[in-house]
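>>> coordinates only, sequence not included:
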């Protein structure tokens with residue numbers, strides 16, 4: 001397992017729980033959020049790389065609930081970049097922005113994103129609190145991991161075992177799983193092992209048939225292809241994202257979720273959302 005992952009790698013928080021709301025209230029929230037996001041992106045557009053046009057595995061439960069206009073609960077578990085370190089307010093954490101983006105795209109469905117990011121955690125710590133992560137009975141768990149293990153020169157191959165066990169635990173609960181790999185940031189990039197971690201997460205995602213949002217690739221695209229300076233999306237600590245970074249991450253993630261849901265509906269022969 002470790003050898004295969006190594007070869008692949010070389011080849012390449014505050015808790016936010018939104019209460020139930022009427023469709024009218026959600027529409028008003030979505031409109032306000034849209035204006036807010038447009039303001040964030042006024043000086044620097046948020047553009048999606050072609051390689052991130054869709055996730056590479058389905059989100060069957062989420063697609064089914066959206067089709068039925070049933071409420072969708074998402075739990076975002078991770079470390080400080082899930083919790084929102086570096087954001088000006090908790091409202092600019094990526095889970096908060098993701099909730100607004102998804103409500104805008106699916107106004108007939110009550111979408112709730114619960115932020116369970118805790119500063120400094122690694123995969124083992126997150127696995128240890130998996131019962132709490134699943135306590136809200138989520139339809140989707142978005143699991144961001146890998147950065148702290150890289151920064152601490154931790155055991156990267158061991159992460160595969162933890163990740164596989166966590167994915168199995170989440171699937172048994174009936175929830176979909178979506179993974180997010182490390183961020184492309186100066187302090188992370190200074191660690192040569194980041195390529196191994198990015199490769200390992202991609203390998204496990206493929207082997208377990210769960211979608212992966214390639215945050216590392218997305219952020220590298222901002223910097224290398226769009227020529228966006230690090231200080232436009234990373235804070236002065238060289239690690240955490242700022243308001244623009246979190247908002248763009250959320251927008252790209254929402255676009256990927258939407259495209260994946262649409263693809264699932266097309267495969268099932270269901271009409272697209274109106």
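Sure thing, it's come through. These numbers were taken from a predicted model, which means no experiment stands behind them.
>>> and residue 76, what element?
strand 72-78 (DSSP states H and E).
>>> paired strands for that strand, with orientation please.
When pairing is defined by DSSP bridges, strand 72-78 lines up against strand 111-117 (parallel), strand 140-144 (parallel).
>>> helices or strands next to the top helix by length along the chain in the packing?
Across the chain, the longest stretch assigned as helix under DSSP state H is helix 243-267. Counting contacts by 3 or more CB pairs under 8 Å, 6 or more residues apart in numbering; DSSP states H and E, helix 243-267 packs against helix 23-40, helix 60-67, helix 94-105, strand 212-213, helix 215-220. For the C-beta atoms, the positions are set from N, CA and C on the backbone; glycine is no exception.
>>> 7 Å - rerun?
Applying 3 or more CB pairs under 7 Å, 6 or more residues apart in numbering; DSSP states H and E, one finds that helix 243-267 makes contact with helix 23-40, helix 60-67, helix 94-105.
>>> worst average pLDDT in the ones you listed?
The stretch with the lowest average pLDDT out of those is helix 23-40, scoring a mean of 51.
>>> before we move on, the earlier item: which parts of the longest helix of the chain are buried?
Going by neighbour count (16 or more other CB atoms under 10 Å), the buried part of helix 243-267 is 243-258, 260-262, 264-265.
>>> now do the contacts for residue 57.
Going by CB atoms under 7 Å, 6 or more residues apart in numbering, residue 57 touches 209-211.
>>> closest one to residue 51 out of the residues you listed, please.
Using CB to CB, residue 211 comes nearest to residue 51 of these, at 14.1 Å.
>>> how many neighbouring residues does that closest one have?
20 (other CB atoms under 10 Å).
>>> show the pLDDT at it.
In this prediction residue 211 is given a pLDDT of 97.
>>> hang on, isn't it packed against residue 52?
No: counting by CB atoms under 7 Å, residue 211 sits too far from residue 52 to count as a contact (11.4 Å).
>>> show residues contacting stretch 181-189.
Outside stretch 181-189, the residues touching it (CB under 7 Å, 6+ apart) are 81, 146-147, 150-151, 194, 197-198, 201, 212, 214-216, 219-220, 223, 230, 234, 238-239, 241.
>>> go again with 8 Å.
Outside of stretch 181-189, the residues within contact range by CB atoms under 8 Å, 6 or more residues apart in numbering are 81, 144-147, 150-151, 194, 197-198, 201-202, 212-220, 222-223, 230, 234, 237-241.
>>> repeat for stretch 120-128
With CB under 8 Å, 6+ apart, stretch 120-128 has contacts from 77-80, 118, 133, 143, 145-146, 148-149, 152, 154, 159, 162-163, 165-166, 169.
>>> one more pass at 10 Å, please.
13, 77-80, 82-83, 85, 116-118, 129, 133, 143-152, 154-155, 158-163, 165-166, 169, 201 (CB atoms under 10 Å, 6 or more residues apart in numbering).
>>> need the nearest residue in space to residue 258, chain neighbours excluded.
For residue 258, ignoring the flanking residues on the chain, the nearest one in space by CB to CB, 6 or more residues apart in numbering is residue 105 at 5.2 Å.
>>> just give the closest residue to the residue nearest the centre of the chain, not the sequence neighbours.
Centroid-nearest residue in the chain, with CA atoms, centre = their mean: residue 180, separated by 5.0 Å. Counting by CB to CB, 6+ apart, residue 144 is the residue found nearest to residue 180 once chain neighbours are left out, at 3.9 Å.
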